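Colleague: give me coordinates for this.
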Amino acid sequence: MNDLTVVLLCHDRPKTAVEAINSVIRQSSNNFDFLVSDNSTNAELQEILKADFPTIKTIFWKPDNSSYFDHFNKIISHIETKYITLLHDDDILDPNYVMKILEQFQETSDVAAVATNGYYIDLQNRKV
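Modeller: This next block holds a predicted model:
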């Protein structure tokens, strides 16, 4: 069993979610579970997942207009690993993200969270 679950929290942004999913799939380490938690108001992302990513574990909460906090709280009860990382559907991971956070958790076993740096990416896909 893996120690980490990477959760992608999605809500009505299927195009950016696909980019985020691809960045998770391309991790240099595969020692993690991956879960897409879709709280969208429609099934567009679900259709993409079934067609292009059929092996990814997904929870589709059906359109229920839950808040971000409700979505977060619902997904926590489905996690069975020691650690969890929550991403938004517009987050793109560096290829070594999982490896680096797992290393940090192993080096500092009493931490409750690991913060990471990020970049803003503009509409032309440039880091700003």
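Colleague: remind me which residues of this protein are low pLDDT?
Modeller: 63-66, 115, 117-119 (pLDDT under 70).
Colleague: so where do the strands sit in it?
Modeller: 4-10, 33-38, 57-60, 83-88 (DSSP state E).
Colleague: the second one to strand 4-10, inter-axis angle?
Modeller: Interaxial angle of strand 33-38 relative to strand 4-10 (axes from the mean of the first three to the mean of the last three CA atoms, to 10 degrees): 20 degrees.
Colleague: quick check: the nearest residue to residue 60 once chain neighbours are set aside vs residue 58, distance?
Modeller: Once flanking residues are discounted, residue 60 sits nearest to residue 38: 4.7 Å by CB to CB, 6 or more residues apart in numbering. In this view, the C-beta of every residue, glycine as well, is placed from N, C-alpha and C. Counting by CB to CB, to the nearest Å, the separation of residue 38 from residue 58 is 6 Å.
Colleague: and these two? which has more neighbours close in?
Modeller: A direct count of neighbours by other CB atoms under 10 Å for residue 38 and residue 58 places residue 38 higher, at 24 against 17.
Colleague: correct me, but residue 13 touches residue 44?
Modeller: No: if you go by CB atoms under 8 Å, residue 13 and residue 44 don't touch, sitting 9.7 Å apart.
Colleague: can you give me the helices in the protein?
Modeller: 14-25, 44-52, 68-76, 97-107 (DSSP state H).
Colleague: coming back round to it: okay, and the common contacts of residue 38 and residue 58?
Modeller: Counting by CB atoms under 8 Å, 6 or more residues apart in numbering, the shared contacts of residue 38 and residue 58 are 46, 49.
Colleague: beta partners for the residue nearest to residue 60?
Modeller: Note on residue 38: beta-bridge partners by DSSP bridges are residue 10, residue 60.
Colleague: need the strands of the chain in TSV (columns: distance to residue 128).
Modeller: Below are the strands of the chain laid out as TSV (distance: least, CB to CB, whole Å):
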stretch	distance to residue 128
strand 4-10	23
strand 33-38	27
strand 57-60	31
strand 83-88	18
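Colleague: quick one: which of these is nearest residue 126?
Modeller: Across those, residue 126 has its closest neighbour in strand 83-88 (19.4 Å, CB to CB).
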